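> got a structure for you, letters missing:
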């Protein structure tokens, strides 16, 4: 169900506007409707503090980005002293950041110089003499030695030394070959090193690197001290400023006059008296609160208000769409029918206990998916129930005569049956059951159907008609009884007419088939009046929707089939061989049933969701609701303010 909402209008002078905003924030009950020029009034302006608050918030965020802090924030109140402290911390942090960047750049440059200078020393190059050579040209740079030497056709002396992943080379040639060699160097990807730029000795560079490293560490240490001393403070300040900005910008959603502002929105009806009393107290009764009429086509915020046991299933409702304020919340329906469909399909005692244990474990380890785990925990419990109904335990429906006799001697006697297996009749002891979904059949009008399929169609008919009844309630509530009868009840009358027609033709009931035909004609006329041509087009879809529920049986039978293959065709032959083959059989059962359980969760989940969203919800659910997000602490906590 959804929380009842009341639309209100709050009118108050600008002089108490801040008090009103603070009160609304603390109450966390008022869902604001932004002003769209109602009452021919303009939009409000943010409070005077908005600009300075925004500037301070940017500084707080910048500091936290530098700190890399992920501390939890606490809601506190701060004054001018704390804002001055924020400015001081911001100045210190970014002074250190600039200093750190300068030192890092200098250290990187010194390290590169030291590396190349070390390479020049290893090559035996005297930087002062290289520039004084008259008969020999000297080239120093990075290159691929093999490629370069294969291209040189002149007399030369070549030296090389590895520097990391690159190779520093020195090439000496006669002056007359200098131009020719330059061309070759350019073609082979030579990267020239200007020797004259590396006049500082290696020892001096090493000393410089040590000094810069020490300063950089001191800078990082000071920054870490700042982080430890102020990270929590800045985290709390950020939250405080974020809240204050939201308050300062709230008047942008109000209508305004020269002397007052007008705020329109929704509050839960049960809290109307509380919000009225609190605002009057905060403003010394300088506020007017009016209840407003809500039109049916108006966008009213929706807050689902289900009991604790049902609340987890709201995730399935929201996965589809939030219901509008004026229609029924389908969460309670999902609470009943989703686990039912899941259990009908999975329906195995062993599988049910495994999935139950799995989702109980996940709920404990992953609190963020607690609602989904709760949904599947209910579904697993229903699966266990239907496992007893079907008499299935990890795909086993029976045990051998030897095992059955041994169990009976211990006081657990099973039912002895003769079944056909592997082309021959054999005696087995079957587990107790109410419905044999694999071998059970039922005759309907001379047609033999698997019992589980007939049961699925019956469930489908109930589910679809339940959707029509909910749709009847929604239309009645929104547009009146007449349209509800024509638009929704006509479908149920159509089904009744069809049943009477079929039973009359089959002589099952003493009613002429014409009666059923007349009932169907009346229902079709009602559909035309209620839904127009669309109703006529959708008549075949109604019955195809019901037949779609046969997947409840089909998916379950597929799961049973896979379990039987794992047990009888793969694992049992291994067990019969004995010895180490028993371990192989156990492994096959573990892997096979593990895969089947995974498929048994995914398949029933998806098909259950589909049967609700497509077959049932289409009969009554339109959605389009907007979520109730009150201005205040609650929304701030949820990150939706």
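Now that the structure is in, tell me what you want to look at. The structure presented is a predicted model; accordingly, all values stated were derived computationally and were not measured.

> Walk me through the domains of this structure.
With domains defined by automatic domain parsing, the chain comprises 106-203, 330-397+433-619, 398-432.

> Pick the most deeply packed of these.
When the domains of the chain are scored by mean count of other C-beta atoms under 10 Å, the highest mean neighbour count falls to domain 330-397+433-619 (a mean of 18). Glycine gets a C-beta too; all of them are placed from N, C-alpha and C.

> Ramachandran coordinates for residue 4?
Main-chain torsions, residue 4, degrees, to the nearest 10: phi -70, psi 130.

> which one is it nearest to, not counting chain neighbours?
Spatial nearest neighbour of residue 4, excluding adjacent residues (C-beta to C-beta, 6 or more residues apart in numbering): residue 269 at 4.2 Å.

> Pretty sure the one you found sits against residue 7.
No: contact criterion C-beta atoms under 8 Å: residue 269 and residue 7 do not qualify, at 10.1 Å.

> Tell me which of these two has more neighbours.
Using other C-beta atoms under 10 Å, the more surrounded residue of residue 269 and residue 7 is residue 7, with 19 against 12.

> Confirm that one sits in a strand?
Yes: counting by DSSP: H, G, I helix; E, B strand; the rest coil, residue 7 falls inside a strand.

> quick one on the thing from earlier: how about JSON lines for the domains of the chain, with mean pLDDT added?
Below are the domains of the chain laid out as JSON lines (pLDDT from 0 to 100):
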{"stretch": "domain 106-203", "mean pLDDT": "87"}
{"stretch": "domain 330-397+433-619", "mean pLDDT": "88"}
{"stretch": "domain 398-432", "mean pLDDT": "74"}
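
> And those domains: which comes nearest residue 257?
Nearest to residue 257, of all these, is domain 330-397+433-619, at 36.0 Å by C-beta to C-beta.

> before we move on, back to that, right, so of the domains of the chain, which gets closest to residue 15?
Nearest of these to residue 15, taken as C-beta to C-beta: domain 330-397+433-619 at 42.9 Å.

> Quote the end-to-end distance of that closest one.
Domain 330-397+433-619 has an end-to-end distance of 12 Å (C-alpha to C-alpha, to the nearest Å).

> Kindly report the same for stretch 276-295.
23 Å.

> just stretch 360-369 next, same as before
With C-alpha to C-alpha as the measure, stretch 360-369 spans 11 Å from end to end.

> for this protein, which helix is longest?
helix 202-249 (DSSP state H).

> Tell me the helix or strand right after that one.
Downstream of helix 202-249, the next assigned helix or strand under DSSP states H and E is strand 255-256.

> Centre of the chain to stretch 196-211, how far?
56 Å (C-alpha atoms, centre = their mean, to the nearest Å).

> Mind listing residues that contact it?
Under the contact criterion C-beta atoms under 8 Å, 6 or more residues apart in numbering, stretch 196-211 has outside partners 107, 110-111, 113-114, 116-118, 120-121, 127-128, 130-131.

> In helices, which of those residues fall?
Applying DSSP H to these, the entries found in helices are 107, 110-111, 113-114, 116-118, 120-121, 127-128, 130.

> is it possible to export these to CSV including distance to residue 35?
What follows is the ones in helices among the contacts of stretch 196-211, written out as CSV (distance: C-beta to C-beta, whole Å):
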residue, distance to residue 35
107, 57
110, 62
111, 61
113, 65
114, 66
116, 68
117, 70
118, 71
120, 74
121, 76
127, 76
128, 80
130, 78
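
> which among those residues gets closest to residue 44?
Of all the ones in helices among the contacts of stretch 196-211, residue 44 sits closest to residue 107, with 53.7 Å by C-beta to C-beta.

> Skipping adjacent residues, who's closest to that closest one in space?
Of all residues not flanking residue 107 in the chain, residue 212 sits nearest, at 4.3 Å (C-beta to C-beta, 6+ apart).

> All set now, cheers.
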